[in-house]
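> 3D model of this:
(one chain, ligands or ions: 2)
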Amino acid sequence: MNFNTNSPLDIFLTELFNRYREAVPEVNQITAALLKNGVIGSQDEIVNDHIAFRTLGVPNLGIKSFEKIFLFHGYQKRDHYYFEEKKLDAYWYAPPAPEYPRIFLSELKVGMLSQNAQKIIKKYTGDIKSDPVDALDLNDGDAIAAFLHHPLWKLPDLKDYTALLEESEYAAWVIYNRYYLNHYTISVHALPEDYRFLPDFNKFVEGLGIKLNDAGGKIKTSADGLLSQSSTVAGLHEVEFADGAKTQIAGSYVEFAERSVLPAYSHLKPEEIQSIHRREGFETSNADKIFESTYTGQVKS
Ligand code: OOG
Ligand code: NI
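Ligands and ions are numbered 1, 2, ... in the order given. Next comes the predicted model:
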């Protein structure tokens, strides 16, 4: 991501990306290989399709709270997606200008979990008596970045994390990782020949020794055939819990998206094609499997 202004949105997106890049080695590894192969001239040439965040659906938090940050900065709320088995809701948000990434924002439907899991989540989030975003100066980009990197609840005990993990991998991820950027997404269709189709791009990534999420197959494709996505498997990080116990937990990952040109624009010449001519939005069946990039079945196999 590279922005030429110093707007609050540019500032906090850049700070989030810098922190994410430090925590997820695959980001720089892929960029370095694209540079070395002469595919791009600098990191800024990579088009960021979207970024994603996860939230807990409890009073004062969740999508209703989190989305205020992006709505304030000109994002528009679009389609809703529901994931029955994972007990998740999600929306995507269209950016104020094409150089900004879309946002994919999800929320755990906490009320659908067992009494025990709800009790654990409440133990950490129950003290939050007002919406913390309301106390934030949304014109201050540094303050927003600090807010997204600052814990809203105390560090969990390992036993609480483990109990959540058994029932909801998503719940366990959020209770430890909170609002950290979950992934950024390389628009592979914006890359030159040999890299702009997902099967080739996946081979390039795997050639770097990076593991891909194979839940539902390495490439997830929408029913209309126009949106294909793949992703890395989240790396494991040794972390410490409130009780001093240490274990390895999943962090963030990298996603790759190929948005095809819509049939109505198939007559356009390659140089005429802009992002508005390509498949928009997301796809529930793709997203359902992309979520699993942080799940035990992928990160520990
Ligand atoms: C989001 C998974 C879904 C997409 O592009 O469909 C997704 C997550 O892992 O939080 O990113
Ligand atoms: Ni995504």
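> what residues does the longest helix along the chain touch?
Assignment by DSSP state H gives helix 8-23 as the longest helix of the chain. By C-beta atoms under 8 Å, 6 or more residues apart in numbering, the residues outside helix 8-23 that reach it are 1, 3, 27-28, 51, 73-74, 96, 100-101, 138-142, 144-145, 148-149, 180-181, 184, 237, 251-252. Just so you know, the C-beta spots here come from the backbone N, C-alpha and C atoms, and that holds for glycine as well.
> next SSE downstream of that helix?
helix 25-36 (DSSP states H and E).
> give me every residue in the protein lying close to ligand 2.
A52, E255 (C-beta under 5 Å from the ion).
> go again using 8 Å as the cut-off
Within the chain, the positions near ligand 2 by C-beta under 8 Å from the ion are 49-50, 52, 104, 182-183, 185, 229, 231, 255, 257, 282, 287, 290.
> among those residues, which are located in helices?
Per DSSP H, the subset of these in helices is A287, I290.
> just confirm Y161 is within a helix.
Yes. Per DSSP: H, G, I helix; E, B strand; the rest coil, Y161 lies within a helix segment.
> got the residue ranges for the strands in the stretch 1-150 of the chain?
48-56, 76-83, 88-94, 102-108 (DSSP state E, counting those that start in this stretch).
> neighbours of the one residue in the chain that gets nearest to ligand 1, how many?
Residue nearest to ligand 1 within the chain (C-beta to the nearest ligand atom): A287, separated by 3.1 Å. Neighbour count of A287, defined by other C-beta atoms under 10 Å: 21.
> picking up where we left off before, quick one: which of the strands of the stretch 1-150 of the chain is nearest T221?
Closest to T221 of these is strand 48-56 (C-beta to C-beta; 15.4 Å).
> if we can go back for a sec, tell me the buried residues within the contacts of helix 8-23.
The neighbour-count criterion (16 or more other C-beta atoms under 10 Å) marks 1, 27, 51, 73, 100-101, 138, 141, 144-145, 148, 180-181, 184, 251-252 among those as buried.
> confidence score at the most centrally placed residue in the chain?
Central residue of the chain (C-alpha atoms, centre = their mean): A52, 2.6 Å from the mean position. Per-residue confidence (pLDDT) for A52: 98.
> ok, what's across the strand from it?
Note on A52: beta-bridge partners by DSSP bridges are F104, H183.
> report the contact partners of it.
Taking C-beta under 8 Å, 6+ apart as the test, what A52 contacts is I103, F104, L105, S106, L181, N182, H183, T185, E255.
> tell me how many other residues surround the third one.
Residue crowding around L105 was assessed by other C-beta under 10 Å; the count is 23.
> flag the shaky bits of the stretch 1-150 of the chain, pLDDT-wise.
Along the stretch 1-150 of the chain, segments meeting pLDDT under 70 span 1-2, 4.
> mind doing that once more with 90?
Counting by pLDDT under 90, the stretch 1-150 of the chain shows low-confidence ranges at 1-5, 43.
> circling back to that earlier point, excluding covalently adjacent residues, which one is nearest to the residue of the chain closest to ligand 1?
Leaving aside its chain neighbours, A287 sits nearest to Y81 (6.1 Å; criterion: C-beta to C-beta, 6 or more residues apart in numbering).
> also A145?
Nearest one to A145, counting by C-beta to C-beta, 6+ apart, is E15 at 3.6 Å.
> any idea how many residues pack against the one you found?
17.
> P151 too?
The local packing of P151 (other C-beta under 10 Å) involves 10 other residues.
> again with F53
For F53, the neighbour count with other C-beta under 10 Å is 23.
> then D194?
For D194, the count of nearby residues is 11 (other C-beta under 10 Å).
> now swap in R21 and tell me
16.
> likewise for T247?
T247: 13 neighbours (other C-beta under 10 Å).
> mind telling me what element it is part of?
Counting by DSSP H and E, T247 is found in strand 246-250.
> quick check, that strand touching ligand 1?
No. Using C-beta under 6 Å from any ligand atom, strand 246-250 never reaches ligand 1; the gap is at least 10.4 Å.
> same thing with stretch 205-215?
No. On the criterion C-beta under 6 Å from any ligand atom, stretch 205-215 is out of touch with ligand 1, staying 9.8 Å away.
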